[in-house]
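A.B. asks: Curious how this folds, go ahead:
(chains A and B)
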Protein chains: 2
Amino acid sequence: MTENSDTLGATEKEIMYATHHAMVKSGYAELSISRISDELDKAKSTIYHYYDSKDALLLDFLRFSIDRFESTVNTTIGAHPKGDLDHIILTLLPCQLKKEKRQLHCVLVNIMPHALDQEAFREQFTEIDNRLKTIIEKTVRRGVRTNVFRDVDPAQAAEHILAVIKGAMCTRLTTNREAATARARTSLFSYIDSHLMA
Amino acid sequence: MTENSDTLGATEKEIMYATHHAMVKSGYAELSISRISDELDKAKSTIYHYYDSKDALLLDFLRFSIDRFESTVNTTIGAHPKGDLDHIILTLLPCQLKKEKRQLHCVLVNIMPHALDQEAFREQFTEIDNRLKTIIEKTVRRGVRTNVFRDVDPAQAAEHILAVIKGAMCTRLTTNREAATARARTSLFSYIDSHLMA
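C.D. replies: Predicted coordinates for the structure are as follows:
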């Protein structure tokens, strides 16, 4: 189940983009095979040919989104590990969460309950975390190697940074605590300064 | 909507306990007014007299759970702020998550999507965060005042600690990353040592 979305055929990819557009336009609650087929401009039967349920489609959509998500985070391998870490944090916890990104984050929260008891969804959430953690860990490791960072445990530091990001993302989407995201971001930068910087 | 569960009458409290038992026994997915009335040993109509929908009941259940949740975290105001902070972290991120606690945490993840677009649920999630943050912040403030901790910003430190806890809780419930909780806990203790301890 760790295959990525490169294994999707042309029509399946079209279905994924249509699912994405349907979600951004009308949100997760309104999502249905009918709604997706409107976006796709193809009959519902085309979708049912590939996916026998909304859950099966959601699972592929999750895989598809992970790749796109990863590519936005992983854009720069700049000259400086500190700058790269800042970029990762600002990408995942931006000051302003634009509509399209918010919708994608909301999709994750909407699908999350499936991961409590369905192994296939659990594996996808594991995969998201592992990919993000790898990106952060590699950056910290590079910083340690080049003496920009202290000799910290990169895996541990990455886990800490990822936990703050996930906690703050969740707070932003599900509460009215407007100041919390900015505060978490500031405290993360200060953690990097005091805990990682050599 | 910040009223606490003390405002609930005797029958409403019985309904809350019945809801809790139904969830622990059969999980959130199986939860229904029928299932709750089985636990309550009263007719469904009794529940409908107080709650006109499952959502209305869930909202009261969330309020009811927050109070119980808070009291488990807030049990000790010990002699040492560092010990109290450790207690809070170990309560929210225990090494072993017992069945009953896991079910309650799962309920939060299951209800979370409601908070994306329903203000009443959003207010309850805001309330949960505010209560936990207040407990952590007070403890840090006490540590600063008694010179156990450095002169850090208690609100900022509390936000950081809360974000790590929420992120790690979410990871524990929705992924197969078994080592992640222990790592987040260790990194949180090390954050307290290096960032807070005088």
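A.B. asks: Which strands and helices lie in contact with the least confident helix or strand in chain A by mean pLDDT?
C.D. replies: Within chain A, no helix or strand scores below helix A:54-73, which has a mean of 85 by mean pLDDT, DSSP states H and E. Counting contacts by 3 or more CB pairs under 8 Å, 6 or more residues apart in numbering or on different chains; DSSP states H and E, helix A:54-73 is packed against helix A:10-26, helix A:33-40, helix A:81-92, helix A:99-117, helix A:119-145. Every residue, glycine included, has its C-beta placed from N, CA and C.
A.B. asks: could you redo the last one with a cut-off of 10 Å?
C.D. replies: Secondary-structure packing of helix A:54-73 (3 or more CB pairs under 10 Å, 6 or more residues apart in numbering or on different chains; DSSP states H and E): helix A:10-26, helix A:33-40, helix A:44-50, helix A:81-92, helix A:99-117, helix A:119-145.
A.B. asks: in it, what's buried?
C.D. replies: For helix A:54-73, burial by neighbour count (16 or more other CB atoms under 10 Å in any protein chain shown) applies to A:57-66, A:69-70, A:73.
A.B. asks: okay, the angle between that helix and helix A:99-117?
C.D. replies: Orientation check (axes from the mean of the first three to the mean of the last three CA atoms, to 10 degrees): helix A:54-73 against helix A:99-117 gives 130 degrees.
A.B. asks: Return the residues in contact with the residue nearest the centre of chain A.
C.D. replies: With distances taken as CA atoms, centre = their mean, A:Phe69 lies nearest the centre of chain A, 4.9 Å away. Taking CB atoms under 10 Å, 6 or more residues apart in numbering or on different chains as the criterion, A:Phe69 is in contact with A:62, A:91-92, A:101, A:104-105, A:108, A:128, A:131-132.
A.B. asks: So which of those residues is the closest to chain B?
C.D. replies: Nearest to chain B out of the contacts of A:Phe69 is A:Ile128 (CB to the nearest CB; 8.2 Å).
A.B. asks: wait, doesn't that closest one sit right on B:Thr175?
C.D. replies: Yes. When contacts are counted by CB atoms under 10 Å, A:Ile128 is listed as touching B:Thr175 (8.2 Å).
A.B. asks: Can you give me the buried ones in stretch A:103-117?
C.D. replies: Along stretch A:103-117, these residues count as buried under the neighbour rule (16+ other CB under 10 Å): A:103-116.
A.B. asks: Give me the subset of these that also touch chain B.
C.D. replies: Applying CB under 10 Å from any CB of the partner chain, the subset of the buried residues of stretch A:103-117 adjacent to chain B comprises A:105-116.
A.B. asks: In chain A, where is pLDDT below threshold?
C.D. replies: A:1-6, A:75-78 (pLDDT under 70).
A.B. asks: Swap in 50 and give it another go.
C.D. replies: Confidence mapping of chain A against pLDDT under 50 gives the ranges A:1-2.
A.B. asks: circling back: which of the buried residues of helix A:54-73 lies at the shortest distance from chain B?
C.D. replies: Once CB to the nearest CB is applied, the member of these that ends up nearest chain B is A:Leu62, at 11.8 Å.
A.B. asks: Which residue, neighbours along the chain excluded, lies closest to that closest one?
C.D. replies: Of all residues not flanking A:Leu62 in the chain, A:Gln124 sits nearest, at 4.4 Å (CB to CB, 6 or more residues apart in numbering or on different chains).
A.B. asks: Do I have it right that the one you found meets A:Leu58?
C.D. replies: Yes. Look at A:Gln124 against A:Leu58 with CB under 10 Å: they come within range, at 9.3 Å.
A.B. asks: Could you tell me which residues touch both of those two?
C.D. replies: Residues touching both A:Gln124 and A:Leu58 (CB under 10 Å, 6+ apart) are A:111, A:114.
A.B. asks: Check the burial of A:Ile33 by counting its neighbours.
C.D. replies: Neighbour count of A:Ile33, defined by other CB atoms under 10 Å in any protein chain shown: 19.
A.B. asks: Oh, that last question was meant for A:Gln118, not what I typed.
C.D. replies: By other CB under 10 Å, 14 other residues sit near A:Gln118.
A.B. asks: And for the one 4 residues further on?
C.D. replies: The burial metric for A:Arg122, expressed as a neighbour count using other CB under 10 Å, is 19.
A.B. asks: Who are the contact partners of it?
C.D. replies: Contacts for A:Arg122 (CB under 10 Å, 6+ apart) come out as A:1, A:114-116, B:173-177.
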